[in-house]
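*Asks:* What follows is a predicted protein model with its sequence.
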Amino acid sequence: MDATPKRITKPDGTVLELVETIPADAHGRRPSRTKARKQALDLLYAAELRGLSPAQVLAESEEELRPFAAELVTAVEEHAEQIDALLVKALAADWSLERMPRIDRCLARLAVGELLSGTVAAEVAVEQAAALATELSTDDSAAFLNGLLAAVRRGL
């Protein structure tokens, strides 16, 4: 990269000096932990879709796994009963885990696993789950997950 700063002159005569340029569309560029969460979500989703345990899908995976993704999948596997119990307790009376869309259920489990592990602040786990829901699920999923995970947090 060229270390020489670029200069731009605006129509009003103001001169701006650009130190670093960042593409306006950074689609596909995510922080490392966000990528790991997405990878963990893919593995959890595949496990549920195929009727396998997350550990089996993790062991069968041929792609290069990020260490944090493997940690998250392992945490969800190890605390599966506790995670599901917390989610069931937080759900409204007329809802069940089975009624939730599969991707939302996997995201909720991933976020609660992260809450239980304490590797990040609770707000980060909830925000990341909502962000992935916005990208990968229904229009209402982010708000639904945000409310559900807030209820789980209160119950911890």
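*Replies:* Happy to help now that I have it.
*Asks:* Next, the buried residues of the lengthiest helix in the chain.
*Replies:* The residue-count maximum for a helix in the chain (DSSP state H) belongs to helix 32-50. Buried residues in helix 32-50, counted by 16 or more other Cβ atoms under 10 Å: 33, 36-48. C-beta coordinates here come from the backbone N, C-alpha and C atoms, glycine included.
*Asks:* JSON lines for those, including distance to residue 93?
*Replies:* Converted to JSON lines, the buried residues of helix 32-50 look like this (distance: Cβ to Cβ, whole Å):
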{"residue": "33", "distance to residue 93": "35"}
{"residue": "36", "distance to residue 93": "35"}
{"residue": "37", "distance to residue 93": "30"}
{"residue": "38", "distance to residue 93": "32"}
{"residue": "39", "distance to residue 93": "34"}
{"residue": "40", "distance to residue 93": "30"}
{"residue": "41", "distance to residue 93": "28"}
{"residue": "42", "distance to residue 93": "32"}
{"residue": "43", "distance to residue 93": "31"}
{"residue": "44", "distance to residue 93": "26"}
{"residue": "45", "distance to residue 93": "27"}
{"residue": "46", "distance to residue 93": "31"}
{"residue": "47", "distance to residue 93": "28"}
{"residue": "48", "distance to residue 93": "24"}
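*Asks:* closest to residue 66 among those?
*Replies:* residue 36 (4.1 Å; Cβ to Cβ).
*Asks:* ok, now which ones touch that closest one?
*Replies:* 66-69, 72 (Cβ atoms under 8 Å, 6 or more residues apart in numbering).
*Asks:* For the chain, which segments count as helices?
*Replies:* Counting by DSSP H, one finds helices in the chain at the ranges 32-50, 54-60, 67-78, 80-90, 102-117, 122-136, 141-155.
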